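Visitor: Just a sequence and a predicted model for now, questions to come.
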Amino acid sequence: MLEHEHMVRMRREHPDWIWNRSDNHVILGVPGSHEAFKTPVEPGNTFSPGVGSYGVSTWVYTANQLHTPEERPLDQMDWSFLNGRIPVLISHWKADSVEVTSRLFTDGDAELTDIKDYLAVQLHNPTSDPIEMTFYLVIRSFGAAGAAIRSLAWEDNSLRVNGGAPVLYASQPPDQFGALAYTDSQSDISAYLKLGKLPSAASVSDEATWASGALAYDVALQPGESHQFDFVCHVHANHPKLKWLKPPQKNTSVDQQQRNFVEHWQQNQKIQLDLPDKRFENAFFAQINFLNMFTVYNQPRISPISYPLWWLRDGSYAIIALDKGGYHDFAERAVRGAAHRDAFGGFGAEGDGPSESIWMLSEHYLLTRSQDYLRDVYPDIERKADLLIRMIQTDVAITGTTEIRTPQMMLAPDSDLMCLPADDGMIMGRMDGHFPIMWINAFAYLGLKRAAFCAAELGLDGSRFEDAAKQLRKTMKRRAPELFNKNDRDTNSAFWPTNWASRDDENIQRGFEQFWNEVRCPQGVYTREPLWTYFEAGQAHNYLLLGQPERTWTTIEHFLTEQIAPGLYTYSEGDGDENSSLQWQRTRGWDQIRYVTPHGWTAAEVFLLLRDCLAREEDNKLIIGSGIPETWLTKSFSVRNLPTYFGNLSFHYEPDNNKLEVELERRPSGGIQVEFPAVFDAEAIGVNG
């Protein structure tokens with residue numbers, strides 16, 4: 001029986017317990033770490049130190065009442081990253097008059113899986129009267145992603161869960177620790193703490209596996225006074241096989257650990273934004289942070305617990321976002337590691353796989369201009385491009401094999417089907433369980449164009465790829481009146497990222513207009529995409545490249561104001577547990593699954609959209625400001641160290657003299673074009689580099 005089934009039964013039998021929220025969460029992680037060592041976190045910084053560990057909650061008892069983030073409405077809590085850009089989760093909520101602020105981050109050695117979660121909880125009295133309270137650090141088997149607890153013991157200022165090495169350390173010894181076994185009590189620690197009481201046992205064993213306990217700190221705060229408590233959770237340190245893990249230093253200062261963490265993170269994330277809209281900045285960094293934290297070894301993850309596998313389509317967007325976010329070393333390791341594969345992912349070998357693989361391989365070259373790298377991967381690019389030509393011409397189905405599939409696709413008869421026989425010069429490729437013809441062929445065009453480009457960069461003959469791309473585009477334009485806008489994927493792949501369509505093509509213009517008026521904004525009312533949020537972001541990107549930034553910003557505004565985790569700019573996919581790997585079901589957490597969140601494809605699409613609003617490349621040209629709104633032009637703003645095809649870009653705008661200063665490592669052969677939404681004096685552009 002899976003743990004979620006146990007939770008259904010226990011929730012039904014004990015509705016009076018304070019249960020985990022299971023309505024919202026984010027996931028922290030050391031970049032490159034194993035999925036099991038990621039840290040799911042629910043609002044209020046209620047978390048589980050590692051998947052399938054235990055739940056940790058911060059509760060306050062004051063004025064004869066217990067206050068918990070699990071029971072608090074979401075709009076009564078604030079959640080953010082440190083300075084909007086560093087993945088230290090900061091939570092604010094109030095326990096009666098007491099202000100509760102916690103900081104939570106995860107750090108450590110991914111290679112040795114020596115990971116620790118650091119938690120600082122500050123209690124503040126903002127009133128003019130003294131306040132007495134008890135602060136509880138609560139440990140239970142359920143939480144953000146808990147598991148069975150058979151024993152709990154507090155000894156030597158550390159907590160042991162299920163035996164083995166200690167897993168939680170307190171910098172300040174608690175005034176009390178109390179635990180209870182469900183087998184003996186048929187109860188949970190929450191029933192005691194609601195009364196301001198604590199069980200007397202310092203250790204328990206529980207055959208029922210629902211043991212719980214709490215550290216208790218009695219606190220008296222004078223007016224304006226604050227007190228901070230520090231804790232370290234050593235992720236999975238009690239596992240019997242992980243014997244090399246060393247305990248943290250005694251009395252670890254979370255503040256000092258945070259300073260070290262921030263310094264290290266800033267060394268790796270060099271992009272700097274100073275923009276009039278701080279939501280834009282925070283959303284930009286939130287996306288790249290989650291994508292970075294989700295990585296496992298040298299692979300991307302869409303969502304590391306829901307989808308613990310390398311999914312090519314979603315992953316190609318994620319890798320390109322990380323590459324454009326400055327994580328070139330990771331991107332190179334990732335694309336080199338996957339270069340030998342032509343099509344793979346949760347749904348098996350799909351028809352857009354070879355194209356998306358060429359896209360990410362060539363994108364890394366464009367961002368780094370490493371000829372050595374390109375020479376190494378070009379044979380893989382060439383093989384994939386030749387496969388695309390075969391798919392365009394085939395009169396039989398083409399299959400591919402991959403062991404990377406979701407559980408439900410393992411025995412699916414179509415999991416190896418890449419395409420059916422071609423139809424009138426177009427690939428009949430499988431994607432997302434059907435045959436979205438324009439999407440498949442749009443990416444094929446991109447793949448062939450990039451293969452021809454890479455060949456030319458190496459002085460090789462890529463004419464067959466260029467010829468095939470031209471013929472495919474000609475066929476797509478001829479068939480556009482028949483096919484375009486018959487599938488929602490068409491409007492999020494025509495310009496971005498494939499650029500097969502022409503802005504002056506009436507069929508394309510008509511399709512985008514129809515989509516906006518009938519799907520995205522029917523009768524003038526903007527309608528969010530309810531399931532596939534990455535498509536909504538991709539469509540906005542296409543409207544930007546179509547020259548309709550006002551529609552792009554209509555969508556951006558919704559992404560900036562409507563989030564799954566408010567303040568952290570996360571988004572969702574699907575309804576329920578999409579394409580389940582059944583990993584959440586094996587934990588005591590996220591048991592009322594509403595969707596997959598945070599979602600990496602959406603994060604990548606949102607990041608790449610926001611990035612291209614600031615600067616983008618087109619036909620050997622650098623274009624600045626395609627998506628900068630007119631309201632920004634009354635204030636100064638700057639962008640620094642933004643990776644582009646021409647090296648890192650920095651620019652600064654001053655409204656007083658309407659001047660834009662640009663620094664770029666290499667001057668584009670097509671020049672620099674400014675697309676600010678107002679009359680701009682081109683002579684005011686200063687270019688260095």
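Guide: On my side now, so go ahead. Numbering: from 1, shown residues only.
Visitor: so what's the residue nearest to Leu180 when sequence neighbours are not counted up against?
Guide: Computed as C-beta to C-beta, 6 or more residues apart in numbering, the closest residue to Leu180 that is not its neighbour in sequence is Pro199, at 4.4 Å. Quick note: C-beta positions are derived from backbone N, CA and C, even for glycine. Pro199 makes contact with 178-180, 185, 189, 192, 213 under the criterion C-beta atoms under 8 Å, 6 or more residues apart in numbering.
Visitor: and if you look at Pro308?
Guide: Residues in contact with Pro308 (C-beta under 8 Å, 6+ apart) are 35, 296, 301, 581, 583.
Visitor: Compare those residues and tell me which has the most neighbours.
Guide: The member of the contacts of Pro308 surrounded by the most neighbours (other C-beta atoms under 10 Å) is Arg301, with 26 neighbours in all.
Visitor: That residue: which element?
Guide: For Arg301, there is no host helix or strand (DSSP states H and E).
Visitor: Can you give me the neighbour number for the closest residue in space to it that isn't next to it in sequence?
Guide: Distances taken as C-beta to C-beta, 6+ apart place Phe294 nearest to Arg301, at 4.3 Å, with adjacent residues excluded. For Phe294, the tally of surrounding residues (other C-beta under 10 Å) stands at 27.
Visitor: distance of Phe294 from Ile27?
Guide: For Phe294, the distance to Ile27 equals 7 Å [C-beta to C-beta, to the nearest Å].
Visitor: Give me the common contacts of those two.
Guide: 38, 303-304.
Visitor: need the contact list for Gly671.
Guide: Here Gly671 is in contact with 621-622 (C-beta under 8 Å, 6+ apart).
Visitor: pLDDT wise, what is it at?
Guide: On the pLDDT scale, Gly671 is placed at 96.
Visitor: how far away is it from Asn648?
Guide: In this view, Gly671 and Asn648 are 18 Å apart by C-beta to C-beta.
Visitor: what does Gly52 give?
Guide: Distance of Gly52 to Asn648, computed by C-beta to C-beta: 41 Å.
Visitor: Same check on Ala334?
Guide: Distance from Ala334 to Asn648, counting by C-beta to C-beta: 21 Å.
Visitor: When these two are compared, which one has more neighbours?
Guide: In this view Ala334 and Asn648 are compared by other C-beta under 10 Å, and Ala334 has more residues nearby, 25 against 17.
Visitor: so that one is in which element?
Guide: For Ala334, the host element (DSSP H and E) is helix 328-338.
Visitor: where does whichever helix or strand comes after that helix sit relative to the chain's centre, distance-wise?
Guide: Later in the chain than helix 328-338, the nearest helix or strand by DSSP H and E is helix 353-368. Chain-centre distance of helix 353-368: 21 Å, with C-alpha atoms, centre = their mean, to the nearest Å.
Visitor: Just the buried residues of helix 353-368, please?
Guide: 353-368 (16 or more other C-beta atoms under 10 Å).
Visitor: Alpha carbons only: can I get it in PDB?
Guide: Written as PDB, here are the backbone C-alpha positions of helix 353-368 (Å, rounded to 0.1, in the frame of the first residue of the first chain):
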ATOM      1  CA  GLY A 353      13.200  14.800 -30.300                       C
ATOM      2  CA  PRO A 354      16.000  15.000 -33.000                       C
ATOM      3  CA  SER A 355      15.100  18.600 -33.700                       C
ATOM      4  CA  GLU A 356      15.100  19.700 -30.000                       C
ATOM      5  CA  SER A 357      18.400  17.900 -29.500                       C
ATOM      6  CA  ILE A 358      20.000  19.800 -32.400                       C
ATOM      7  CA  TRP A 359      18.500  23.000 -31.000                       C
ATOM      8  CA  MET A 360      20.100  22.700 -27.600                       C
ATOM      9  CA  LEU A 361      23.400  21.500 -29.100                       C
ATOM     10  CA  SER A 362      23.700  24.400 -31.500                       C
ATOM     11  CA  GLU A 363      22.400  26.900 -28.900                       C
ATOM     12  CA  HIS A 364      25.300  26.100 -26.700                       C
ATOM     13  CA  TYR A 365      27.700  26.800 -29.600                       C
ATOM     14  CA  LEU A 366      26.100  30.100 -30.400                       C
ATOM     15  CA  LEU A 367      26.500  31.200 -26.700                       C
ATOM     16  CA  THR A 368      30.100  30.000 -26.300                       C
END
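Visitor: part of a helix, is Asn441?
Guide: Yes: secondary structure of Asn441 (DSSP: H, G, I helix; E, B strand; the rest coil): part of a helix.
Visitor: show me what contacts it?
Guide: Contacts for Asn441 (C-beta under 8 Å, 6+ apart) come out as 426-427, 429, 472, 475-476, 500.
Visitor: Then Gln583?
Guide: Gln583 neighbours (C-beta under 8 Å, 6+ apart): 35, 51, 305-306, 308.
Visitor: please redo it, this time with the cut-off set to 10 Å
Guide: Going by C-beta atoms under 10 Å, 6 or more residues apart in numbering, Gln583 touches 35-36, 51-52, 145, 304-308, 577, 590.
Visitor: do the same with Tyr327
Guide: Neighbour list for Tyr327: 31, 268-269, 288, 291-292, 295, 319, 321, 333-334, 643 [criterion: C-beta under 10 Å, 6+ apart].
Visitor: quick one: which of these sit in helices?
Guide: 268, 288, 291-292, 319, 321, 333-334 (DSSP state H).
Visitor: Quick one: those as CSV, columns for distance to Met7 too.
Guide: Shown next, in CSV, are the ones in helices among the contacts of Tyr327 (distance: C-beta to C-beta, whole Å):
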residue, distance to Met7
Asn268, 38
Ile288, 34
Leu291, 30
Asn292, 31
Ile319, 35
Ala321, 35
Arg333, 38
Ala334, 36
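Visitor: Mark which of those are buried, thanks.
Guide: The buried subset of those (16+ other C-beta under 10 Å) comprises 288, 291-292, 319, 321, 333-334.
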